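Q: How does the following fold in three dimensions:
(one chain, ligands or ions: 1)
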Amino acid sequence: MKKNVTFKFVKTIPDSLDSGIVYITTYYNTAVHKCMCGCGNEVVTPLSPSDWELTYNGEQISLYPSIGNWSFECQSHYWIKNNKVIWAEKWSKRQIKARRRKQSRERSSKSCTKSKPVLFWNKLISYFTF
Ligand SMILES: [Zn+2]
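A: Residues are numbered from 1 along each chain as shown. Next up, the predicted model:
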């Protein structure tokens, strides 16, 4: 289980990711990293008002809200805050359902304002992750 992360701003996400690095592409408005538990699964976090928010202060990054990998076997749940991984408790089935509902609602109400790359990633992430 990782405790610290670094990050890379990239134009496109590389084919093979190093663990402990959050790859950020502003072209696709997306951040991608390998699950911090070490299971090797890739976690895609689209950056948009209805998905994740990336904060960058020149040295450190944070992602909001937390990252809940409930579709992976590890079901890990953590925050990335100021280049640190803060481990949170696992999700209950009810929490997962509630969050899924919330996200699909927000998606459908805001989808018309989104740019194409973000829509593409949203489709991808909802296909693979949710
Ligand atoms: Zn994992």
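Q: Which positions in the chain make contact with the ion?
A: Residues of the chain found near the ion (C-beta under 5 Å from the ion) are 35, 37, 39, 74, 76. C-beta here means a position set from N, CA and C on the backbone, and glycine is covered the same way.
Q: Am I right that the first one is in contact with residue 69?
A: Spelled out, that is residue 35. Yes - counting by C-beta atoms under 8 Å, residue 35 does reach residue 69; the two are 5.6 Å apart.
Q: circling back to that earlier point, are any of the residues of the chain next to the ion buried, and if so which?
A: Buried members of the residues of the chain next to the ion, counted by 16 or more other C-beta atoms under 10 Å: 35, 37, 74, 76.
Q: Which one of these is nearest to residue 61?
A: Nearest to residue 61 among those: residue 35, at 16.9 Å, using C-beta to C-beta.
Q: so what's that closest one closest to, chain neighbours aside?
A: residue 41 (4.5 Å; C-beta to C-beta, 6 or more residues apart in numbering).
Q: Okay, that neighbour and residue 26: tell me how far apart.
A: Distance from residue 41 to residue 26, counting by C-beta to C-beta, to the nearest Å: 24 Å.
Q: what does residue 94 give?
A: Relative to residue 26, and taking C-beta to C-beta, residue 94 is found at 35 Å.
Q: out of those two, which sits in the more crowded spot?
A: residue 26 (12 against 8; other C-beta atoms under 10 Å).
Q: Which strand residues bridge the residue lying closest to that one once chain neighbours are set aside?
A: Of all residues not flanking residue 26 in the chain, residue 9 sits nearest, at 7.2 Å (C-beta to C-beta, 6+ apart). Taking DSSP bridges as the rule, residue 9 bridges to residue 24.
Q: Tell me the pLDDT of residue 9.
A: Per-residue pLDDT puts residue 9 at 97.
Q: Next up, the contacts around it.
A: Listed by C-beta atoms under 8 Å, 6 or more residues apart in numbering, the contact partners of residue 9 are 24-26.
Q: Please consider this matter closed, and thank you.
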